[in-house]
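**Q** pasting the structure only:
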């Protein structure tokens, strides 16, 4: 049982960390990253516009999501357009402005978007997404062995997080780190990169020894190893975080007024009914999609409030 003093120190640390993440990752970026200025959405009223978090290279996402857009267009009988965004903040701002009406968000970006747009709904996620995880990874030079307990041997090692606004690359791993060791990353690690970019960049920087350790999306790690893009003996999985809800498809309330009552439910059915392997590969969810709701993200919303990303 932790002492009251330690709990207070941890709570203050979490709040400070939350304010840093909120300011660095979203507040400033939202001022510069929007697709359009505030006001009426720029899209034609007959077009459903979709977007997805840029966790991978834009050149890889564009052809994949055009396939998804084509499927939704044929299934729903409306024009569907994929809109690429530059970063997490831009995806939230585009949804907030109504420039896109369906977005593939991460856990945190989805919570922020839905807070900004009352009536927006989570409608689907992958079978893996309710129990998502992050991997703490290490280069052999760190001298840390894999285990079920948090690797305290990472203390004093150079470390890289992923993108500052990433649920699986920064927000949740930092939250769990503070839960495990009772202090923040700046105090625990030696040199720490708080905004290390996309998951593959983190993986390669650890593999090459640029940083002795880091943290990343577990699916990206597994896919890179399977595809031969990452050497698991040079980028070693040393700890897996507890599970949390992450990626999700969130629908804008504009859909109901634009395409008619009940359209959001039809869109949900179209997504969870996908069985075609090409489409599922494009969605990066080979095991398919399942129905989801805002309630699935109540825990992560609570954590966002605790660390200062959302108003209480």
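**A** Structure received. For clarity, every value in this text was computed on a predicted model and none was experimentally measured. Residues are numbered from 1 along each chain as shown.
**Q** So which helix or strand of the protein has the lowest pLDDT on average?
**A** One helix or strand of the chain scores below all others by mean pLDDT, DSSP states H and E: helix 28-32, with a mean of 37.
**Q** Toward the C-terminus from that helix, list the very next helix or strand.
**A** Once helix 28-32 ends, the next helix or strand along the chain (criterion: DSSP states H and E) is strand 47-52.
**Q** What is that following strand packed up against?
**A** When contacts are defined as 3 or more CB pairs under 8 Å, 6 or more residues apart in numbering; DSSP states H and E, strand 47-52 packs onto helix 58-76, strand 79-82, helix 88-97, strand 102-105, helix 254-259. Backbone N, C-alpha and C define where each C-beta goes, glycine included.
**Q** closest one to residue 286 among the ones you listed?
**A** Proximity to residue 286 (CB to CB) singles out helix 58-76 among these, at 12.7 Å.
**Q** gap between that closest one and the chain center?
**A** 20 Å (CA atoms, centre = their mean, to the nearest Å).
**Q** Could you pull up the mean pLDDT of it?
**A** Averaged across helix 58-76, the pLDDT comes to 89.
**Q** Would you indicate which residues of that helix are buried?
**A** By neighbour count on 16 or more other CB atoms under 10 Å, the buried set for helix 58-76 is 61, 64, 65, 67, 68, 69, 71, 72, 75, 76.
**Q** same deal with stretch 180-199?
**A** 180-181, 184-185, 188-189, 192-199.
**Q** again with stretch 201-216
**A** Counting neighbours by 16+ other CB under 10 Å, stretch 201-216 gives 201-207, 210-216 as buried.
**Q** Show me those residues that map onto helices.
**A** Of these, the ones assigned to helices by DSSP state H are 201, 202, 203, 204, 205, 206, 207.
**Q** Excluding chain neighbours, give the residue nearest to the fourth one in space.
**A** In other words, residue 204. Distances taken as CB to CB, 6 or more residues apart in numbering put residue 230 closest to residue 204, at 7.4 Å, once the chain neighbours are dropped.
**Q** and that neighbour, how many neighbours?
**A** The criterion is other CB atoms under 10 Å. On that basis, residue 230 has 21 neighbouring residues.
**Q** Averaged pLDDT, stretch 102-109. What do you get?
**A** Averaged across stretch 102-109, the pLDDT comes to 96.
**Q** Can you name the residues in contact with that stretch?
**A** Residues from elsewhere that reach stretch 102-109, judged by CB atoms under 8 Å, 6 or more residues apart in numbering: 48-53, 88, 91-92, 94-95, 110, 113, 132, 165-168, 171-172, 244-252, 255, 267, 297, 300, 304, 309.
**Q** Over to the residue nearest in space to the middle of the chain: give its phi and psi.
**A** When CA atoms, centre = their mean is applied to the chain, the residue found nearest the centroid is residue 106 (2.9 Å). With angles defined as degrees, to the nearest 10, residue 106 sits at phi -80, psi 180.
**Q** Okay, it and residue 236: tell me how far apart.
**A** Look at residue 106 and residue 236: by CB to CB, to the nearest Å, they are 25 Å apart.
**Q** Residue 212 too?
**A** Residue 212 is 11 Å from residue 236, by CB to CB.
**Q** shaky segments in this protein?
**A** 1-45, 55-59, 312 (pLDDT under 70).
**Q** which stretches of it form strands?
**A** Here the chain has its strands, by DSSP state E, at 47-52, 79-82, 102-105, 121-126, 134-138, 159-160, 192-193, 213-217, 236-240, 248-251, 289-291.
**Q** Each with direction, which strands does the second one pair with?
**A** With DSSP bridges as the test, strand 79-82 is paired with strand 47-52 (parallel).
**Q** Pull out the buried residues from the strand it pairs with.
**A** 48, 49, 50, 51, 52.
**Q** and those residues as JSON lines, adding distance to residue 278?
**A** Output for the buried residues of strand 47-52, formatted as JSON lines (distance: CB to CB, whole Å):
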{"residue": "48", "distance to residue 278": "21"}
{"residue": "49", "distance to residue 278": "22"}
{"residue": "50", "distance to residue 278": "17"}
{"residue": "51", "distance to residue 278": "20"}
{"residue": "52", "distance to residue 278": "17"}
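**Q** ok, of the residues you listed, which one's closest to residue 220?
**A** Distances from residue 220 to these, taken by CB to CB, are shortest for residue 52, at 14.5 Å.
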